[in-house]
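>>> output the structure for:
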Amino acid sequence: MAAIPLSGVISGPLSGWIMQSMDGLNGLKGWQWLFLIEGAPALLFAAVVYFYLKDTPATAPWLKRGGT
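Below you'll find the model as predicted:
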């Protein structure tokens, strides 16, 4: 239950710092940098999941077949 307020304590100042310090860099505004920086891990994780996860449980090599 403490994770929600803790995330606000960490992400609020971090987001403000990104928007303030990166404003105008390469012609992008601070909020545009914030979207790019926050979206990059999600896109990276999506690519990992796309190539790692299998279509069905039968094709997943990390799952055992049969009973134990």
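>>> distance of residue 32 from residue 45?
Here residue 32 is placed at a distance of 21 Å from residue 45 (C-beta to C-beta, to the nearest Å). Placement of C-beta: from N, CA and C, glycine included.
>>> who has more neighbours out of the two?
Taking residue 32 and residue 45 together and counting by other C-beta atoms under 10 Å, residue 32 has the greater number of neighbours (15 against 10).
>>> counting by contacts, list what the one helix or strand the more buried one maps to packs against.
Residue 32 is part of helix 30-52, with elements assigned from DSSP states H and E. Here helix 30-52 is seen to pack against helix 3-21 when contacts are counted using 3 or more C-beta pairs under 8 Å, 6 or more residues apart in numbering; DSSP states H and E.
>>> who are the packing partners of the helix it packs on?
Helices and strands in packing contact with helix 3-21 are listed as helix 30-52; criterion 3+ C-beta pairs under 8 Å, 6+ apart.
>>> now the helix it packs on, how far from the centre of its chain.
5 Å (C-alpha atoms, centre = their mean, to the nearest Å).
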